[in-house]
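Colleague: sequence and predicted structure below; questions after.
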Amino acid sequence: MTNKKILTLQDISCYGQCSLTVALPIISACGIETVILPSAVLSTHTGGFTGYTFRDLTEDIPKIKTHWENEGLKFDCLYTGYLGSVTQIDYVYELRDHVLNENATLIVDPAMADNGNLYYGFDQNFVENMAKLCGCADIILPNITEAAFMTNSEICLEHHEEAYVNMLLEKLTALGCKKIILKGISFKDDEIGVVYHDSETGISKYYFTEKIPKSSHGTGDCYASAFTGALIQGLDPYEAAKLACDFVVECIRKTMDDNNHAYGVKFEKALPMLVSKLNK
């Protein structure tokens, strides 16, 4: 078991099972000390809720970074999720340069779009800056929509062709992306999966799971957190990507029988499966 420390920068949605409220328990369950840096605090996430409160914590980020520097605190991985502004993207570079150990890993989940659309409040300027950040990361975790926006490509949401996937991977590689986990690929109606692409070797590996007919908020955050925990615990990127897929499927299955739980997935009930597989 590793003694490495992961720093994760994203928002706290107090209710809704996403962002830091899933990243902290999932990565911790992987046996890794997890340090959080909240970018904002919301009463709920923004999917399906109205009237939610929002407190922007952008101004706190450099102050926290400076305190960590003064204390000599260093981290072995920086994993970013939902970032609310270009300014917050800029702060990621400062965190990378000042509070990470040598040879630390930068993992970026460009959480800004899904189902063919950007999330509320994001624009082309944000997309371009996120693409630059992804080009500096060690590993990125975009879905199809995010990859298409960052590469100025056609958005294809279903019935993908391998040529289309390869085109996205080539364009992401051209941005400077080193290792890519492209999510939400579907060549068959009953399957969904990911492809792991190593830009240095040019090798791509696919992994597919059962496509469960249920859409849930927070599954992307559950995936990214499980992937990050598994990777830093010692799995290679492809094996970590596979485990994260299986974990998300288990999360959805554990939620299927509750029609009143549309705001997220019951990831807590799937944690034993994640820990068991990680410890094999």
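Modeller: Sure, I can see it.
Colleague: please count neighbours and contacts with C-alpha atoms only from this point.
Modeller: Will do.
Colleague: could you pull out the helices in the stretch 51-200 of the chain for me?
Modeller: For the stretch 51-200 of the chain, the helices defined by DSSP state H, counting those that start in this stretch cover 60-71, 86-98, 124-136, 144-150, 162-174.
Colleague: dump those into JSON lines; add mean pLDDT, distance to Tyr15 and mean neighbour count as well.
Modeller: Shown next, in JSON lines, are the helices of the stretch 51-200 of the chain (pLDDT from 0 to 100; distance: least, Cα to Cα, whole Å; neighbours: other Cα atoms under 10 Å):
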{"stretch": "helix 60-71", "mean pLDDT": "98", "distance to Tyr15": "22", "mean neighbour count": "13"}
{"stretch": "helix 86-98", "mean pLDDT": "98", "distance to Tyr15": "23", "mean neighbour count": "16"}
{"stretch": "helix 124-136", "mean pLDDT": "98", "distance to Tyr15": "26", "mean neighbour count": "19"}
{"stretch": "helix 144-150", "mean pLDDT": "98", "distance to Tyr15": "25", "mean neighbour count": "24"}
{"stretch": "helix 162-174", "mean pLDDT": "97", "distance to Tyr15": "34", "mean neighbour count": "17"}
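Colleague: nearest to Phe54, out of those helices?
Modeller: Nearest to Phe54 among those is helix 60-71; the distance by Cα to Cα comes to 14.8 Å.
Colleague: which elements pack onto that closest one?
Modeller: Packing partners of helix 60-71 (3 or more Cα pairs under 8 Å, 6 or more residues apart in numbering; DSSP states H and E): helix 86-98.
Colleague: who wins for proximity to Tyr263 among the helices of the stretch 51-200 of the chain?
Modeller: That would be helix 144-150 among the helices of the stretch 51-200 of the chain, by Cα to Cα, at 21.0 Å.
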